[in-house]
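Q: Based on what follows, work out the 3D shape:
(2 chains)
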Protein chains: 2
Amino acid sequence: MPLLGLLPRRAWAALLSQLLRPPCASCTGAVRCQSQGTRDLSPQHMVVREKILDLVISCFKRHGAKGMDTPAFELKETLTEKYGEDSGLMYDLKDQGGELLSLRYDLTVPFARYLAMNKVKKMKRYHVGKVWRRESPSIVQGRYREFCQCDFDIAGQFDPMIPDAECLKIICEILSGLQLGDFLIKVNDRRIVDGMFAACGVPESKFRAICSSIDKLDKMAWKDVRHEMVAKKGLAPEVADRIGDYVQCHGGVSLVEQMFQDPRLSQNKQALEGLEDLKLLFEYLTLFGIAEKISFDLSLARGLDYYTGVIYEAVLLQTPTQAGEEPLNVGSVAAGGRYDGLVGMFDPKGHKVPCVGLSIGVERIFYIVEQRMKTKGEKVRTTETQVFVATPQKNFLQERLKLITELWDAGIKAEMLYKNNPKLLTQLHYCESTGIPLVVIIGEQELKEGIIKIRSVASREEVAIKRENLVAEIQKRLSES
Amino acid sequence: MPLLGLLPRRAWAALLSQLLRPPCASCTGAVRCQSQGTRDLSPQHMVVREKILDLVISCFKRHGAKGMDTPAFELKETLTEKYGEDSGLMYDLKDQGGELLSLRYDLTVPFARYLAMNKVKKMKRYHVGKVWRRESPSIVQGRYREFCQCDFDIAGQFDPMIPDAECLKIICEILSGLQLGDFLIKVNDRRIVDGMFAACGVPESKFRAICSSIDKLDKMAWKDVRHEMVAKKGLAPEVADRIGDYVQCHGGVSLVEQMFQDPRLSQNKQALEGLEDLKLLFEYLTLFGIAEKISFDLSLARGLDYYTGVIYEAVLLQTPTQAGEEPLNVGSVAAGGRYDGLVGMFDPKGHKVPCVGLSIGVERIFYIVEQRMKTKGEKVRTTETQVFVATPQKNFLQERLKLITELWDAGIKAEMLYKNNPKLLTQLHYCESTGIPLVVIIGEQELKEGIIKIRSVASREEVAIKRENLVAEIQKRLSES
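A: I've put the predicted structure just below:
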């Protein structure tokens, strides 16, 4: 993929400044945003997407995942009370008779519904598909209301932390493969978050509300988050300050060891379980060779209600960081965690199926790669045509049609102009502007002698070959290039 | 693709009888239909789909098409008055503030809207995506309310019939490639249909209504269609009988010639233009080598309002037909036509962009292939895993994790069980049941000697190789198989 690779420092700075602006400001090009907060994807967009999705999906398949799909809409009741505060962002369908339906909001809840409905107890699947969210009134905040998600999940009762570690390995493989620059995966555990709250003296009724404040720490400064917790959510200032001490902590497996020694945290049964699992997780991550990419981070809380165990979020880092400089957070590009209770919510008897999974933030990645290509002035071909069929003469449509049929029937990607008598210059210009590498030329002379000319668009060299060798010769040239 | 190929006569009969029953009757397997008329796609479905879509998309790319995507929903006003009688089948979104939206009903209208909105005058694109239709209350009629479409269209002003002929060539390539058995493409022209109506004495105000009756001829007998036209739509019986004479006619290019001699039809300017275009079309089809697959059929009318010129519909034939036997129509598997006025409906100044295109009936094709595989008892692998990492001993998780990391990092598709101490038999059984061809085995002996055993699941043969040669040896074996 020529489009990937590290950028020089200045280009990164330009890219970062664009990332902080809404994508809409820069999409005044070929494809207009639509008023309803969605957009068309042009052929240029599609080429970038296809390459990135191919890499993501082949990683999922490398880890043995099966494909799956669910409908765009679900029964409204399936989706309600799964997303906490964000439920208001769901798109409902109009009541035209029949059940009340809503467009899917993520791919996790439909997966859990599928497992429960089909009584599947074990499954490793990936799912690439669109989801819809009525993000606040406009696209000025840089999000579209229709976007693509790429999920990988492992459902089933297994020995602890083996599937969880594989999820982190997959995130590493994908982010390394995409060559997006340096990255870090923050890891925490919901049981540690809750244990920390208990240890600090947060009343249990406020756990989820305080959790969602903590979740904002990647976008807001600590003092603003503290203000929200104290002034808006009624937390005692000294409790907030105790939390403040914890959420500054991040580090490797040594921080896990350190937290075992923390008298307040280690007295909490839940937190202790979480710490023990994290310790085991780090052991497996070391065997996978990715431990140095992982940071145990007590400020990581994750917004969604359904997580029950380990949680993680991958962020890109500004490259390279200066000595002593704090790495700049470019934003989350992958996230996930363990959700052991969700499937049970759909089972009539409440039978649980433990799950752990991840979601790749492909929209953000598409955007980063597109901006990078723009910065570098890279162009993409939007077609894959290998050969163009041309003629310098009038009244050669029939011969061109016969020739192109031979190519198509041999599986060669070929085009010609839909004109009876196109000019040769127009035909050659079409090849140059669309990046077609080879031209086959037929005229009166060629027809008489039973030959065809093959022209390389790049070198402008032409050679004559016997007509009957055409397909073989082209296949040879294409396999060499 | 092992799943495709001709079926023996008895299997065909069984398949046909299933085709006439609703798919829901036979989908009581792994995946249940949902009450809202949609269904989940299981890994088995996805494998069949992926193979078929790959073939379809690579044909589209072979003909130089670019990819594109549009949002799942459009402004409601974009879709209204485009689909004739069927507009009531649109899914509307609930009014939650903002514009009124509807789920897309096909991929053609969004394409036309895209061209007009972006002032694109020329484009050859393909689009694979879901569309939604509220087909009458239940799925008993064998249709789902969410389904996939695969469209290819050529927009732009070109010399007559060259792009139209290419669309027919594409249908032939795809249906041949899928090895669905013998097929036929019926061709007609909207101008000939209208000219025929005029020649028979149908009042112009009844053209579209009578057209939609004629469209039912592939499902209803002539006498029932005639009854509908006379009793329900108020057509004079002698006019209906004149139409009856025409709609029996089907044949090759000689029928086109014959119609030129038809005094009533050839006096009609529109019909004459249509016949001239069809004559030219057949000339190009002959050069493409597909003329024998095409039948000029005066009973073909096509339901949608937006067609303005040549129209076509591909049907599968029962194979092989006995001498003198009428080929049995298995149903349409591809269709399309020319629509020169649709883009202009979205342009503020009404600027037209002539278009011609086709849609592959992939849902029907998925179903046929799935049924055929069931009939043959074929199984599909739902994962692509190449190697399984196993151990006969306890406490070997660490070694398995190190080993599988080596494989993943070399791009090899590998799995292991998420157990600390799985039994060897369980591990080997997993390979057999999921079709994994190779097992690498590590135990104490192997670890001590610095070797790894490679086992072929099919032959049960095991060989020991040096640990450091593992990746190279596996890659060698995979490339040979």
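
Q: which residues touch the residue of the stretch 201-350 of chain A found nearest chain B?
A: Closest residue of the stretch 201-350 of chain A to chain B, Cβ to the nearest Cβ: residue A:287 (4.2 Å). C-beta here means a position set from N, CA and C on the backbone, and glycine is covered the same way. By Cβ atoms under 8 Å, 6 or more residues apart in numbering or on different chains, the residues touching residue A:287 are B:398, B:401, B:402, B:405.

Q: pLDDT, neighbour count and secondary structure added to these, as CSV?
A: Shown next, in CSV, are the contacts of residue A:287 (pLDDT from 0 to 100; neighbours: other Cβ atoms under 10 Å in any protein chain shown; DSSP: H, G, I helix; E, B strand; the rest coil):
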residue, pLDDT, neighbour count, secondary structure
B:398, 97, 12, helix
B:401, 98, 22, helix
B:402, 97, 15, helix
B:405, 98, 17, helix
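
Q: Name the nearest residue to the residue of the stretch 201-350 of chain A closest to chain B, sequence neighbours excluded.
A: Spatial nearest neighbour of residue A:287, excluding adjacent residues (Cβ to Cβ, 6 or more residues apart in numbering or on different chains): residue B:401 at 4.2 Å.

Q: Could you pick out the residues of the stretch 101-250 of chain A near chain B for me?
A: Contact residues (Cβ under 8 Å from any Cβ of the partner chain) of the stretch 101-250 of chain A with chain B: A:101, A:103, A:114, A:117-118, A:125, A:130, A:132, A:134, A:137, A:146, A:154, A:156, A:158-159, A:162-163, A:165-166, A:169, A:173.

Q: coming back round to it: list just the nearest of the contacts of residue A:287 to residue A:55.
A: Closest to residue A:55 out of the contacts of residue A:287 is residue B:405 (18.8 Å), distances taken as Cβ to Cβ.

Q: Leaving out the residues flanking it, which one is nearest to the closest one?
A: residue A:288 (5.2 Å).

Q: Looks like the one you found contacts residue A:171 (just checking).
A: No: applying Cβ atoms under 8 Å as the test, residue A:288 and residue A:171 come out as separate, 11.2 Å apart.

Q: Quick check: which ranges of the stretch 251-400 of chain A have low pLDDT?
A: A:318-330 (pLDDT under 70).

Q: Could you list the contact residues of it toward chain B?
A: A:284, A:287, A:288, A:289, A:382, A:383, A:384, A:385, A:397, A:398.

Q: can you rerun that using 6 Å?
A: Counting by Cβ under 6 Å from any Cβ of the partner chain, the residues of the stretch 251-400 of chain A lying close to chain B are A:287, A:288, A:289, A:382, A:383, A:384, A:385, A:398.

Q: Show me which of those are buried.
A: A:287, A:288, A:382, A:383, A:385 (16 or more other Cβ atoms under 10 Å in any protein chain shown).

Q: what two of those are the furthest from one another?
A: Greatest spacing in those, by Cβ to Cβ: A:287 and A:385 (46.7 Å).

Q: one step back: write the ChimeraX selection for whichever of the residues of the stretch 101-250 of chain A next to chain B are buried.
A: Per 16+ other Cβ under 10 Å, the buried members of those correspond to this ChimeraX selection:
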select /A:101,103,114,117,125,130,132,134,146,154,156,158,162,163,165,166,169,173
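
Q: Let me see the contact set for residue A:420.
A: Residue A:420 makes contact with A:397, B:159, according to Cβ atoms under 6 Å, 6 or more residues apart in numbering or on different chains.

Q: of all of the stretch 101-250 of chain A, which residue lies closest to chain B?
A: Nearest to chain B in the stretch 101-250 of chain A, going by Cβ to the nearest Cβ, is residue A:158, at a distance of 3.6 Å.

Q: any idea whether that residue is helix, strand or coil?
A: Secondary structure, DSSP: H, G, I helix; E, B strand; the rest coil: residue A:158 is coil.

Q: how about it, phi and psi?
A: For residue A:158, the backbone dihedrals (degrees, to the nearest 10) come out as phi -130, psi 180.

Q: I'd say it and residue B:417 touch.
A: No: using Cβ atoms under 6 Å, residue A:158 is not in contact with residue B:417; the gap is 8.1 Å.

Q: Pull the contacting residues for the residue nearest in space to the middle of chain A.
A: Closest residue to the average C-alpha location of chain A: residue A:362 at 2.0 Å, with Cα atoms, centre = their mean. Going by Cβ under 6 Å, 6+ apart, residue A:362 touches A:148, A:150.

Q: If we use 8 Å, what do you get?
A: Residue A:362 touches A:49, A:52, A:53, A:56, A:148, A:149, A:150, counting by Cβ under 8 Å, 6+ apart.

Q: Identify the residue spatially nearest to the residue of the stretch 101-250 of chain A closest to chain B, adjacent ones excluded.
A: Closest to residue A:158 by Cβ to Cβ, 6+ apart is residue B:418, at 3.6 Å.

Q: With residue A:110 instead?
A: In space, and not counting its chain neighbours, residue A:110 is closest to residue A:70: 4.0 Å by Cβ to Cβ, 6+ apart.

Q: Number of residues surrounding that neighbour?
A: 22 (other Cβ atoms under 10 Å in any protein chain shown).

Q: For it, give its distance to residue A:76.
A: Per Cβ to Cβ, to the nearest Å, residue A:70 is found 15 Å from residue A:76.

Q: what's the offset of stretch A:336-345 from the middle of its chain?
A: 21 Å (Cα atoms, centre = their mean, to the nearest Å).

Q: Revised request: answer the last question for stretch A:263-277.
A: Chain-centre distance of stretch A:263-277: 33 Å, with Cα atoms, centre = their mean.

Q: cool, and stretch A:51-62?
A: 10 Å.

Q: Residue B:58 versus residue A:411, what's the distance?
A: From residue A:411 to residue B:58 the distance is 8 Å (Cβ to Cβ).

Q: pLDDT score assigned to residue A:36?
A: As predicted, residue A:36 sits at a pLDDT of 70.

Q: Doesn't it lie inside a helix?
A: No: assessed with three-state DSSP, residue A:36 is coil; it does not lie in a helix.

Q: What helix or strand is the closest residue to it other than its chain neighbours located in?
A: Spatial nearest neighbour of residue A:36, chain neighbours left out: residue B:99 (5.4 Å); criterion: Cβ to Cβ, 6+ apart. According to DSSP states H and E, residue B:99 maps onto no helix or strand at all.

Q: Tell me how many other residues surround residue B:99.
A: 15.

Q: mind checking how far it is from residue A:130?
A: Residue B:99 is 19 Å from residue A:130, by Cβ to Cβ.

Q: neighbours of residue A:55, just the number please.
A: By the criterion of other Cβ under 10 Å, residue A:55 has 18 neighbours.

Q: Give me the nearest residue to it, chain neighbours excluded.
A: Of all residues not flanking residue A:55 in the chain, residue A:177 sits nearest, at 5.2 Å (Cβ to Cβ, 6+ apart).

Q: Now for the residue nearest to residue A:110: which residues touch it?
A: Counting by Cβ under 8 Å, 6+ apart, residue A:70 makes contact with A:104, A:107, A:110, A:111, A:113, A:114, A:127, A:129, B:40, B:41.

Q: any chance of the residues you listed in CSV, with secondary structure and pLDDT too?
A: Shown next, in CSV, are the contacts of residue A:70 (DSSP: H, G, I helix; E, B strand; the rest coil; pLDDT from 0 to 100):
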residue, secondary structure, pLDDT
A:104, coil, 96
A:107, coil, 97
A:110, helix, 97
A:111, helix, 98
A:113, helix, 97
A:114, helix, 97
A:127, strand, 98
A:129, strand, 97
B:40, coil, 95
B:41, strand, 95
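
Q: between those residues, which is nearest residue B:377?
A: Lowest distance from residue B:377 to these (Cβ to Cβ) belongs to residue B:41, with 21.6 Å.

Q: check contacts around the closest residue to that closest one other than its chain neighbours.
A: Leaving aside its sequence neighbours, residue B:41 sits nearest to residue A:69 (Cβ to Cβ, 6+ apart; 4.0 Å). Applying Cβ under 8 Å, 6+ apart to residue A:69 gives the contacts A:127, A:129, B:40, B:41, B:45, B:46.

Q: count of neighbours near the second one?
A: Just to be clear, that refers to residue A:129. Residue A:129 has 18 neighbours, counted by other Cβ under 10 Å.
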